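Visitor: When you get a sec, could you give me coordinates for this:
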Amino acid sequence: MQKKIVLTGVMSMCIGYILGSYIQNQKRILFQSDVQSRLSIYKMWLEKIHKGESVAAFIAEKKYNSVAIYGLGKLGVSLINELKGKEINVTYIIDQRAEEIFYKDIAVYPFSDHLPEVDVVIITTVNDQNVLKEKIRRCMDCDVYLLEELVMTC
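Guide: Down below sits the predicted model:
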């Protein structure tokens, strides 16, 4: 009887270790994928800038005056910096960590059904982009783009 209990305990520890290792490995793979996605977007963006093209010019051509940016990670901050000084108003930022974030003079809101109206929302996150895009389209009456789409289009 004691052997069964010990054996069960050892098996539980082994299974726990294997599952823990698997989960850590999956997280590492997802993180590497996120980093590669961001680097890919930065590379395309930099190539466009070297050709004299910009996301800001695309937004101005579309006559979008008010912009909301979804995600205040490195890509979101880079987009804000590109739009700074142009005649494009970054009206607010949408971020799931809104309560923890203060960004200069731009309001930061969590995603909800009751966000202020804007001409366009630009999603700068790399995870679940299409799900977010559909979610925003259902709740807001404006155009919605992924940053990656704008970089490829401009």
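
Visitor: any idea how far the spatially most central residue of the chain is from D113?
Guide: The centroid of the chain falls nearest to T125 when counting by Cα atoms, centre = their mean (1.1 Å). In this view, T125 and D113 are 19 Å apart by Cβ to Cβ, to the nearest Å. Where you see a C-beta, it was placed from the backbone N, CA and C, and this is true even at glycine.

Visitor: so where do the strands sit in this protein?
Guide: 66-70, 89-94, 107-109, 120-123, 143-146 (DSSP state E).

Visitor: Look at T91 and say how many residues are nearby.
Guide: By other Cβ atoms under 10 Å, 19 other residues sit near T91.

Visitor: how about low-confidence regions in the protein?
Guide: Applying pLDDT under 70 to the chain flags the ranges 1-35.

Visitor: any chance you could map the helices in it?
Guide: Assigned by DSSP state H, the helices in the chain fall at 2-50, 55-61, 74-83, 129-139, 147-153.

Visitor: contacting residues for A57?
Guide: The neighbourhood of A57, defined by Cβ atoms under 8 Å, 6 or more residues apart in numbering, consists of C154.

Visitor: same deal with the one 10 residues further on?
Guide: For V67, the contacting residues are 59, 83, 88-91, 118-122, by Cβ under 8 Å, 6+ apart.

Visitor: Is it possible to mark the buried ones in those residues?
Guide: 59, 83, 88, 90-91, 118-122 (16 or more other Cβ atoms under 10 Å).

Visitor: ok, of the residues you listed, which one's closest to R38?
Guide: When those are compared for distance to R38 (Cβ to Cβ), I122 wins out at 14.9 Å.

Visitor: Quick check, that closest one in contact with L79.
Guide: Yes: between I122 and L79 there is a contact at 6.5 Å, judged by Cβ atoms under 8 Å.
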